[in-house]
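[1] structure of the sequence below:
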Amino acid sequence: MKFDIAIIGGGLAGLTCGIRLAERGKRCAIISAGQSALHFSSGSLDFLSYLPDGSVVKHPLNVLDDLARQSPQHPYALLGADCVSQMAEQAERLLINCGLSFTGNVSENHMRMTPLGTLRATWLSPTEVPTSAIDKPLPWKRIAIIGIEGFLDFQPQLAAGSLADKGIEVMTDYLHVPALDRLRNNPSEFRATNISRVLDLVENTELLAEELARLAQDVEAVILPACVGLDNPDAVALLRRRVGKPIMLVPTLPPSLLGIRMHQSLRRRFQQLGGQFMPGDAVLRADLDGDKVKKLYTRNHTDIPVTAEHVVLASGSFFSNGLVADFDRTYEPVFGLDMITESQRADWTKDNMFSAQPYLRFGVKTDNQLHGMIDGKPVTNLFAIGAVLGGYDPLQQGCGAGVSLVSAQYVAEQILATSEVTA
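    Residues are numbered from 1 along each chain as shown. Below you'll find the model as predicted:
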């Protein structure tokens, strides 16, 4: 099986890199081992929320030089501020072209509401998510937070307590929609995605609107768990029209409807452009000839190799098995690439679980063009993008999605530029 580009990993980084390349007519294959980490995400995308020293970031593009000084191995530092800015803006356009709608832009972070009612700095949030400017409260004084009877993955009282501490008057209640009774009788099936498939039916959306109108008579806005709008993207707009007030969603415990919806939109766009998506497969090993990858061997295709002019490693971190930790070492399992890591296991973690954990900075080491490296030498047709990269802490710095999107766009442009030169 021969392609122009083979991408290992079907998450945010792999899909957006593939989309950009497919837009330019490249024949791309994405080999995806399992469920994308997007299925476990909030649906909001962080670019850079905190510097390594803990400083809160309001204008991310203005602090990239400070970031490079504090964390010289960070992927943003490798690429440089001008490049990062251009690639972030390109990523915003790409997401819009995939039919996704967001609040925010890369020039200024905003605050988005979490399931606990707290506010967290971020780059882009789905337009249904409650947001505010940094250092500003939510734009409503009286809010109804409505849970779903029997749904354990969102507790309106917890969110209400946090918002009440900020001076917002909050009422809580629960929806009673008979259409959900069958699901409610099986707690293991009473999850956000299954609830949405029931509520997204037009007749049930209308019943939901009637219930919300009754509960929202004395408030300015209604906040629901994100359990509507997976199969019917117009469901929230319909609710807003029927109720006559803002209807907002907050993410729940996984599976995350907002994250799944994003993944579906990206995958659909990639395949519409002619991309080949290979789900449930995994790259087991690779053949290299000198400084180039020649063949990839996958679990499903055994002795039939995948060949490509360029290979992009977007396999994720430990969560997605793109990186592996044994008792005494961490490593990248397909190519054996050089790693940013700590040799002593005692140095992988901190005793205080709330401290920045060193292992979160572990990952593949690259050159400034994001080529993967073996024994200090770049593999010239192999690039690494997204969570498999080392040198940054996606949680403490709030930059995981930003690194995925920026690195994906940068590598796509590098491949396109190389193809133009050799054409």
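
[2] and for the least confident helix or strand in the chain by mean pLDDT, what are the contacting residues?
    Taking mean pLDDT, DSSP states H and E as the measure, the chain has helix 181-184 as its least confident helix or strand, at a mean of 86. By C-beta atoms under 8 Å, 6 or more residues apart in numbering, the list of residues contacting helix 181-184 from outside reads 149-150, 189-190, 194-195, 198. Where you see a C-beta, it was placed from the backbone N, CA and C, and this is true even at glycine.

[3] can you rerun that using 10 Å?
    By C-beta atoms under 10 Å, 6 or more residues apart in numbering, the residues outside helix 181-184 that reach it are 148-151, 177-178, 189-191, 194-195, 197-198.

[4] for residue 71, give me its contacts.
    51-53, 77, 361, 391-393, 397.

[5] among these, name the ones in strands.
    If you go by DSSP state E, the contacts of residue 71 have nothing in strands.

[6] select only the buried ones of those in PyMOL?
    Typed into PyMOL, the line below selects the buried ones among those, using 16 or more other C-beta atoms under 10 Å:
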select buried, resi 51+52+77+361+391+392+393+397
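
[7] picking up where we left off before, could I get the least confident helix or strand of the chain in CSV with only the CA atoms?
    Output in CSV follows, covering the C-alpha atoms of helix 181-184 (Å, rounded to 0.1, in the frame of the first residue of the first chain):
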residue,chain,number,x,y,z
ASP,A,181,-36.5,6.1,31.2
ARG,A,182,-35.3,3.1,29.3
LEU,A,183,-31.7,4.3,29.5
ARG,A,184,-32.1,5.3,33.1
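
[8] that one: which residues count as buried?
    Buried-residue list, helix 181-184, by 16+ other C-beta under 10 Å: 183-184.

[9] ditto for stretch 324-334
    Under the neighbour-count criterion of 16+ other C-beta under 10 Å, stretch 324-334 has 330-332, 334 buried.

[10] related to what we said a few turns ago, the contacts of residue 71: which two are farthest apart?
    53 and 391 (16.1 Å; C-beta to C-beta).

[11] which stretches of the stretch 251-400 of the chain form helices?
    With helices called from DSSP state H, counting those that start in this stretch, the stretch 251-400 of the chain shows them at 257-272, 400-422.

[12] which of the contacts of helix 181-184 count as buried?
    148, 150-151, 177, 190-191, 194-195, 197-198.

[13] spatially, what comes nearest to residue 32 if we skip its sequence neighbours?
    Distance criterion C-beta to C-beta, 6 or more residues apart in numbering; nearest residue to residue 32, sequence neighbours excluded, is residue 10 at 2.9 Å.

[14] quick one, helices of the stretch 101-250 of the chain?
    So, for the stretch 101-250 of the chain - with DSSP H, counting those that start in this stretch - the helices run 156-164, 181-184, 192-199, 202-215, 235-243.

[15] lowest-confidence stretch among those?
    When mean pLDDT is averaged over each of the helices of the stretch 101-250 of the chain, helix 181-184 scores lowest at a mean of 86.

[16] chain center to that one: distance?
    A distance of 30 Å separates the C-alpha centroid of helix 181-184 from that of its chain, computed with C-alpha atoms, centre = their mean, to the nearest Å.

[17] shaky segments in this protein?
    420-423 (pLDDT under 70).

[18] how is it carved up into domains?
    What automatic domain parsing lists as the domains of the chain is 2-103+260-422, 130-250.

[19] so which of those is the most surrounded?
    Most buried of these, by mean neighbour count (mean count of other C-beta atoms under 10 Å): domain 2-103+260-422, with a mean of 19.

[20] will you turn the helices of the stretch 101-250 of the chain into CSV that also has distance to residue 381?
    Formatted as CSV, these follow (distance: least, C-beta to C-beta, whole Å):
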stretch, distance to residue 381
helix 156-164, 49
helix 181-184, 49
helix 192-199, 38
helix 202-215, 49
helix 235-243, 44
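
[21] residue 226 is nearest to which of these?
    Taking C-beta to C-beta, helix 192-199 is the member of those nearest to residue 226, at 6.2 Å.

[22] quick revisit: just the ones in strands from the buried residues of stretch 324-334, please.
    Judged by DSSP E, strands contain the following of the buried residues of stretch 324-334: 330-331.

[23] how about residue 109, nearest residue that isn't a chain neighbour?
    Using C-beta to C-beta, 6+ apart, the closest residue to residue 109 is residue 121 (4.7 Å).

[24] tell me what that neighbour is bridged to.
    For residue 121, the beta-bridge partners under DSSP bridges are residue 111.

[25] quick one, what contacts it?
    Residue 121 neighbours (C-beta under 10 Å, 6+ apart): 46-50, 56-58, 60, 109-112, 134, 398.

[26] tell me what the helix or strand harbouring residue 14 is packed against?
    Counting by DSSP states H and E, the element that carries residue 14 is helix 12-23. If you count contacts as 3 or more C-beta pairs under 10 Å, 6 or more residues apart in numbering; DSSP states H and E, helix 12-23 packs onto strand 2-8, strand 28-32, helix 81-97, helix 257-272, strand 276-279, strand 307-313, helix 400-422.

[27] spatially nearest residue to residue 406 (excluding sequence neighbours)?
    Using C-beta to C-beta, 6+ apart, the closest residue to residue 406 is residue 87 (4.4 Å).

[28] ok, now which ones touch that neighbour?
    Residue 87 touches 76, 79, 106, 402, 405-413, counting by C-beta under 10 Å, 6+ apart.

[29] and those residues, which is closest to residue 172?
    residue 402 (34.1 Å).

[30] how close does the closest one get to residue 99?
    21 Å (C-beta to C-beta, to the nearest Å).

[31] beta-bridge partners for the nearest residue to residue 96 once chain neighbours are set aside, please?
    Sequence neighbours aside, residue 102 is the residue nearest to residue 96 in space, at 8.0 Å (criterion: C-beta to C-beta, 6+ apart). For residue 102, the beta-bridge partners under DSSP bridges are residue 126.

[32] shouldn't the residue nearest to residue 32 be in contact with residue 18?
    Yes: at 8.4 Å, residue 10 counts as touching residue 18 under the criterion of C-beta atoms under 10 Å.
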